[in-house]
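**Student:** Sequence first, predicted coordinates after that:
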Amino acid sequence: MERQARGERVRESRQMPTVALLAFSSLVASTALASPGPHATSSGNCAETQAAILKAAQPVYPSAAMRFVQSPISVQVIVYLDAGGSIKTASVAQSSGYADADASALKAATASTYKPRTVDCKPVDGLYLFKADFAPPAPR
């Protein structure tokens, strides 16, 4: 994208934030993050799976609020899912220190779609950790 600045053309780069997505292994937020992949259960014929994201919404880079940020920042959002994969609640678990970045990550987390956790082949309520990383724009 180009714009005019004091009679000269300036090329702006819009840097998209990246989204890293992790699933919690239980309903307790302090529980260690689960390893990916299915886990065998005691019945042996059914697998436990962690909550997963089906379609991740990309957070919008809050350029006006972030113009003075010199290093990458990240936001972590805890998403509480019901057994149907619908979002019950979502909240910022680790703030970036910038309200606009936190709000953008929260909005993206709640706009995403999820698959619920399963135990003994049945969907159950669970938590999902949605992480958005914001890198500052490249210097001009």
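**Tutor:** Now that the structure is in, tell me what you want to look at.
**Student:** Lowest average confidence across helices and strands of the chain, where is it?
**Tutor:** Taking mean pLDDT, DSSP states H and E as the measure, the chain has strand 8-11 as its least confident helix or strand, at a mean of 36.
**Student:** how about the strands in the chain?
**Tutor:** Assigned by DSSP state E, the strands in the chain fall at 2-5, 8-11, 18-23, 39-40, 47-48, 52-55, 73-81, 87-94, 113-115, 117-119, 122-124, 126-134.
**Student:** Check those for me and report the most buried one.
**Tutor:** Across the strands of the chain, averaging neighbours per residue (mean count of other CB atoms under 10 Å) puts strand 126-134 on top, at a mean of 23. (Glycine included, C-beta is placed from N, CA and C.)
**Student:** Show me where this structure dips below the pLDDT cut-off.
**Tutor:** 1-45, 65, 140 (pLDDT under 70).
**Student:** quick one: contacts of the helix ranked longest in it?
**Tutor:** When the chain is parsed with DSSP state H, its longest helix is helix 99-111. Helix 99-111 has contacts (CB atoms under 8 Å, 6 or more residues apart in numbering) with 17, 19, 56-62, 64-66, 73, 75-77, 79, 87, 90-92, 95-96, 130, 132, 134.
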